[in-house]
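# Make a model of this:
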Amino acid sequence: MTDLTLGALYGVVTLIVMCSGMPIAFALGVVAITFMFFFMPSSSLDTVTQNVYEEMASITLLSIPLFILKGAAIGKSPAGKDLYSAIHTWLHKVPGGLGIANVFACALFAAMAGSSPATCSAIGSAGIPEMRKRGYSPGFAAGIIAAGGTLGILLPPSITMILYAVAAEQSLGRLFLAGIGPGALLVALFAGYAVYRARKEYGMAKAIYEAGGDKSPYLETEHFTLREKVEMLPRVLPFIVLLIGVMVALYGGYATPSETAGLGAMLALVLIAVVYNVWRPKDLAPILSSTIKESTMLLLIIGMSLLYSYVMSYLHISQSAAQWVVDMHLSRWVLLSVILLMVVVFGFFLPPVSIILMTAPIILPPLKEAGFDLIWFGIVMTVVMEMGLIHPPVGLNIFVIKNIAPDIPLKDVIWGVMPFLGLMFVAVVLLCLFPSIATGLPDMMMGAK
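Modelled structure (predicted):
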């Protein structure tokens with residue numbers, strides 16, 4: 001059996017097992033062990049646990065549960081709602097200010113939590129009811145939160161980027177820095193669309209009212225005094241201190257990414273203890289329970305994915321697939337387009353963690369051979385995977401929104417995210433035309449290698 005035939009069989013069996021409904025971690029593990037049994041020496045089965053342990057014994061992966069703890073500390077406390085309320089108070093007079101407040105709140109929360117579902121849930125639970133109460137259409141309210149939540153895997157510290165750094169053997173610090181420019185670009189695109197959409201919905205509501213219809217809450221004015229605005233600032237200050245503390249420790253060279261993750265987790269726990277009086281065991285139990293569950297799930301997926309990749313490499317599947325792509329002699333941009341299209345299709349069915357760990361051994365060698373900067377590609381790939389988080393049929397953030405706003409029909413949520421998919425595509429095009437959006441900051445701060 002040729003390597004490519006074996007690779008095709010490996011892929012088909014994987015799809016069949018995954019479509020059976022088996023959890024992703026177990027599906028990858030079952031496929032890997034099955035192929036080890038039939039196509040590798042029998043002694044290889046004796047080393048399964050050793051291989052998984054050696055692959056996961058990475059100081060970089062240690063940061064994942066610590067970043068999850070930091071996100072859970074903020075998401076499971078009133079901190080997320082306070083952050084949103086403070087931003088809304090200052091932006092309420094801007095057209096679409098409530099939508100912009102949600103985008104900014106998602107960006108700030110994402111920069112502390114590093115998780116898209118956590119960002120989506122924490123900000124959406126407060127933001128969606130407030131937007132609907134003020135007349136925003138359910139689809140728009142759901143769409144902007146679902147899209148804003150995707151910033152969690154782009155803005156540092158991002159768990160997805162940690163995994164990419166491990167898979168691509170790239171500098172995590174450079175990768176984190178590279179995500180800041182594209183993250184700001186997406187924030188600007190989302191905020192601009194919020195202004196456009198709010199003006200449009202306001203005009204429709206005004207026309208209906210002038211024609212004798214009901215007065216929409218859109219037409220109601222809201223006022224906050226300067227004193228009220230100033231009083232809201234202390235609610236944002238702890239987040240700023242937490243964010244600056246983590247960034248200074250990481251990029252100032254005072255701590256490694258794993259040490260920074262521990263610092264961030266401790267600062268977050270101190271923040272909720274001091275500001276929100278969350279320190280008793282019964283208050284901390286949901287935070288620690290959530291951290292353990294999510295960390296276990298993610299690390300199990302990572303371990304099985306690494307075993308899956310190890311089998312691919314041992315059987316020369318990944319090497320043959322990469323060589324096959326190289327032998328097609330595609331131009332570098334056609335090659336990139338084909339790979340990104342593949343990532344989009346995978347994103348319909350798989351979470352970013354699985355996409356990175358399953359595809360990295362195949363797609364990174366041809367891209368490196370074609371002369372692409374793997375740091376830059378990591379950012380582009382991340383934006384494309386963000387699209388998968390809000391793209392039907394299995395966009396994770398769509399179902400998070402459906403869970404926190406069950407009265408919004410699923411079709412409204414799906415149509416609400418479609419404009420943001422278009423904006424993400426625009427961001428990918430801009431990153432291809434102007435790669436310095438991603439590479440400029442790390443080159444400036446850390447020096448080009």
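# Check which helices and strands the longest helix along the chain is in contact with.
Ranked by residue count under DSSP state H, the longest helix found in the chain is helix 172-210. Applying 3 or more CB pairs under 8 Å, 6 or more residues apart in numbering; DSSP states H and E, one finds that helix 172-210 contacts helix 97-113, helix 138-149, helix 159-168, helix 226-251, helix 257-276, helix 374-389, helix 410-433, helix 436-446. Backbone N, C-alpha and C define where each C-beta goes, glycine included.
# Tell me the gap between that helix and the middle of its chain.
Mean-position distance between helix 172-210 and its chain equals 17 Å (CA atoms, centre = their mean, to the nearest Å).
# any idea how far the nearest residue to Ser58 once chain neighbours are set aside lies from Lys70?
Residue nearest to Ser58 in three dimensions, not counting chain neighbours: Val166, with 5.9 Å by CB to CB, 6 or more residues apart in numbering. Val166 sits 19 Å away from Lys70, going by CB to CB, to the nearest Å.
# Show me which of the two is the more surrounded one.
Lys70 (29 against 20; other CB atoms under 10 Å).
# does that one sit in a helix or strand, and which one?
helix 63-75 (DSSP states H and E).
# what does His391 give?
Using DSSP H and E, no element contains His391; it sits outside every helix and strand.
# Can you check the pLDDT for it?
At His391, the pLDDT value in this model is 79.
# For it, give me its contacts.
Contact analysis of His391 by CB atoms under 8 Å, 6 or more residues apart in numbering lists 344, 347-348, 417, 421.
# In those, which residue is surrounded by the most others?
Most surrounded of the contacts of His391: other CB under 10 Å gives Val417, at 28 neighbours.
# I'd like to know how far that one sits from Ile145.
10 Å.
# which stretches of the stretch 301-449 of the chain have low pLDDT?
318-319, 322, 326, 348-350, 393-394, 446-449 (pLDDT under 70).
# 50 - rerun?
Filtered on pLDDT under 50, the stretch 301-449 of the chain yields the residue ranges 448-449.
# Who are the packing partners of the helix or strand hosting Leu341?
Using DSSP H and E, Leu341 maps to helix 332-347. Where contact means 3+ CB pairs under 8 Å, 6+ apart, helix 332-347 is packed against helix 352-369, helix 374-389, helix 410-433.
# Pull out the buried positions in that helix.
Buried positions in helix 332-347, judged by neighbour count with 16 or more other CB atoms under 10 Å: 335-336, 339-340, 343-344, 346-347.
# now swap in stretch 224-239 and tell me
232, 235-236, 238-239.
# can I get the residues you listed in TSV with distance to Gly395?
TSV is the format used below for these (distance: CB to CB, whole Å):
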residue	distance to Gly395
Met232	33
Arg235	31
Val236	30
Pro238	32
Phe239	27
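# For Ser171, state which of those is nearest.
Phe239 (26.8 Å; CB to CB).
# Now do the contacts for Pro129.
Residues in contact with Pro129 (CB under 8 Å, 6+ apart) are Ala405.
# Run the angle between the helix holding Lys70 and helix 226-251 for me.
170 degrees (axes from the mean of the first three to the mean of the last three CA atoms, to 10 degrees).
# Could you list every helix and strand in contact with helix 63-75?
By 3+ CB pairs under 8 Å, 6+ apart, helix 63-75 packs against helix 97-113, helix 116-133, helix 159-168, helix 257-276, helix 281-314.
# Contact partners for the spatially most central residue of the chain?
The residue lying closest to the centre of the chain (CA atoms, centre = their mean) is Ile153, at 2.4 Å. Ile153 sits next to 114-116, 159-161, 352, 382, 385-386, 389 when contact means CB under 8 Å, 6+ apart.
# at 6 Å what do you get?
Residues in contact with Ile153, defined by CB atoms under 6 Å, 6 or more residues apart in numbering, are 116, 160, 352, 382.
# Please report how far the second one lies from Leu172.
Thr160 sits 12 Å away from Leu172 when distances are taken as CB to CB.
# Please apply the same query to the last one.
The spacing between Thr382 and Leu172, counted by CB to CB, is 13 Å.
# Model confidence for the closest residue to Gly262 other than its chain neighbours, exactly?
The shortest distance from Gly262 to any non-neighbouring residue, by CB to CB, 6+ apart, is to Leu66 (5.1 Å). With respect to pLDDT, Leu66 scores 81.
# how near is Leu66 to Glu231?
For Leu66 relative to Glu231 (CB to CB), the value is 33 Å.
# Ok, Arg134 next?
With CB to CB as the criterion, Arg134 and Glu231 are 21 Å apart.
# what's the answer for Thr256, then?
39 Å.
# Repeat that for Met385.
Counting by CB to CB, the gap from Met385 to Glu231 is 40 Å.
# now Leu396
For Leu396, the distance to Glu231 - CB to CB - is 37 Å.
# thought Ser63 was touching Ala261?
Yes: with contact defined as CB atoms under 6 Å, Ser63 reaches Ala261; the gap is 3.7 Å.
# The two: which is more packed in?
Taking other CB under 10 Å, Ser63 and Ala261 do not tie; Ala261 has more neighbours (28 against 24).
# close enough to count as contact, Leu189 and Leu423?
Yes: taking CB under 6 Å as the definition, Leu189 is a contact partner of Leu423 at 4.5 Å.
# Could I have the CA atoms of the helix holding Lys70 written out in CSV?
Output of helix 63-75 as CSV, limited to C-alpha atoms (Å, rounded to 0.1, in the frame of the first residue of the first chain):
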residue,chain,number,x,y,z
SER,A,63,0.3,27.7,30.4
ILE,A,64,-3.1,26.5,29.1
PRO,A,65,-4.8,25.5,32.3
LEU,A,66,-3.4,28.6,34.0
PHE,A,67,-4.9,30.9,31.3
ILE,A,68,-8.1,29.0,31.6
LEU,A,69,-8.1,29.6,35.3
LYS,A,70,-7.6,33.3,34.7
GLY,A,71,-10.5,33.4,32.2
ALA,A,72,-12.8,31.4,34.5
ALA,A,73,-12.1,33.8,37.5
ILE,A,74,-13.3,36.7,35.4
GLY,A,75,-16.1,34.9,33.6
